[in-house]
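*Asks:* Sharing a model that was predicted from the sequence below.
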Amino acid sequence: MDLRRLRYFVAVAEARGIGKAAERLRMAQPPLSVQIRKLEAEIGAPLFRRGTRGMDLTEAGQALLARASEALALAADGAEAARAVASGRRGRLSVGYMFVLANAMLPRLIPELRRSIPGVDLDFAELSASTREARLLDRSVTVALCMPAIHHPEIQVARIGAQRFMLAMPNRSPLARLGAVPMARLQGRPLIALPPPEQDPASSAVAALLRRHQIVMPIASRVETVHSAMSLVLAGEGLAILPACAQLGAPRGIVFRPLRDVSDSLDIAVCWRRDSQSPLIKTFLKCAEKAVARL
């Protein structure tokens with residue numbers, strides 16, 4: 001049913017006459033009368049009858065009025081909701097994040113998002129090196145906070161910061177007594193590594209760091225997440241070279257020390273599908289940049 005005719009019908013019913021309704025609608029009377037007759041023909045029943053005080057609604061007209069008013073209100077609400085979503089004032093944003101960034105970023109990022117887009121529903125999903133790319137590509141998350149950046153032709157990347165590498169070790173390790181650990185002291189010590197280089201550039205960065213300093217650390221275990229790496233370090237299975245922000249989520253008994261004369265770092269990146277039309281991504285990026293600046 002034509003919403004325009006419903007608006008005309010409601011205007012005539014409220015004004016109790018074609019003339020007053022036409023003035024309110026700022027249109028001539030004859031075309032308004034034509035539209036009312038067409039609506040009656042579409043419904044198959046008269047909607048008005050002449051009364052002593054103007055045009056009265058028939059029983060069919062009374063039944064239509066309540067529903068017509070509701071339909072017009074719903075249509076207006078729908079249009080406003082669509083405009084709000086299109087402008088980024090309302091909607092839903094699904095945010096993926098990697099565990100290594102959780103403690104450093106989320107307490108700073110989430111309040112910033114709540115202030116910037118209060119009408120948007122937010123949900124959060126923890127990602128790993130093996131799931132982050134797939135979750136973006138299948139659209140189960142809209143945007144992802146990653147370390148390091150994802151390299152995929154369908155994924156757009158914005159680098160917003162970096163974290164230097166540090167050495168994670170049990171607090172009982174002799175190396176924990178040092179203010180900064182010389183690279184030479186790592187020679188031959190077991191390494192708890194992240195996923196293989198083809199899956200995660202983080203392990204490539206660590207491997208490059210060791211090669212440059214001609215250090216060999218036999219790999220004791222490869223794990224999926226920084227959380228798992230720190231658990232094995234705590235158990236005494238080896239050392240881990242991790243971004244500095246990982247120490248914010250470190251269990252008791254783990255200490256972090258800088259590597260002497262090493263400035264290598266790992267990028268923090270916001271990633272999303274290149275074909276995404278969400279207006280919320282731009283706002284998320286600005287909020288993430290503010291959160292990183294406070295690290």
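*Replies:* Perfect, thanks for sending it. These numbers come from a predicted model, not from an experiment. Numbering: from 1, shown residues only.
*Asks:* Going along the chain from the helix-or-strand element of the chain with minimal mean pLDDT, find the next helix or strand for me.
*Replies:* None of the helices or strands of the chain scores lower by mean pLDDT, DSSP states H and E than helix 59-87, at a mean of 75. Going down the chain from helix 59-87, the next helix or strand is strand 91-98, by DSSP states H and E.
*Asks:* Please spell out which residues along that following strand are buried.
*Replies:* Of all the residues in strand 91-98, those buried under the rule 16 or more other CB atoms under 10 Å are 91, 93-98. Backbone N, C-alpha and C define where each C-beta goes, glycine included.
*Asks:* In a markdown table: those, plus pLDDT and distance to A168.
*Replies:* Output for the buried residues of strand 91-98, formatted as a markdown table (pLDDT from 0 to 100; distance: CB to CB, whole Å):
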| residue | pLDDT | distance to A168 |
| --- | --- | --- |
| G91 | 77 | 39 |
| L93 | 90 | 32 |
| S94 | 93 | 31 |
| V95 | 95 | 26 |
| G96 | 96 | 24 |
| Y97 | 96 | 20 |
| M98 | 93 | 16 |
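*Asks:* nearest to P251, of the residues you listed?
*Replies:* M98 (17.8 Å; CB to CB).
*Asks:* Bridged to the closest one, which residues?
*Replies:* Beta-bridge pairing of M98 under DSSP bridges involves L127.
*Asks:* separation between it and S130?
*Replies:* Distance, M98 to S130, by CB to CB, to the nearest Å: 11 Å.
*Asks:* and the chain, what are its domains?
*Replies:* 3-87, 91-160+267-293, 162-266 (automatic domain parsing).
*Asks:* Pick out the shakiest of the ones you listed, pLDDT-wise.
*Replies:* Per-stretch mean pLDDT for the domains of the chain is lowest at domain 3-87 (a mean of 84).
*Asks:* for the stretch 151-295 of the chain, what spans make up the strands?
*Replies:* 155-170, 191-193, 219-222, 240-243, 254-258, 265-273 (DSSP state E, counting those that start in this stretch).
*Asks:* go on, the stretch 1-150 of the chain?
*Replies:* 48-51, 54-57, 91-98, 120-127, 143-146.
*Asks:* Distance to L209 added to the ones you listed, as a markdown table?
*Replies:* Shown next, in a markdown table, are the strands of the stretch 1-150 of the chain (distance: least, CB to CB, whole Å):
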| stretch | distance to L209 |
| --- | --- |
| strand 48-51 | 83 |
| strand 54-57 | 81 |
| strand 91-98 | 20 |
| strand 120-127 | 24 |
| strand 143-146 | 20 |
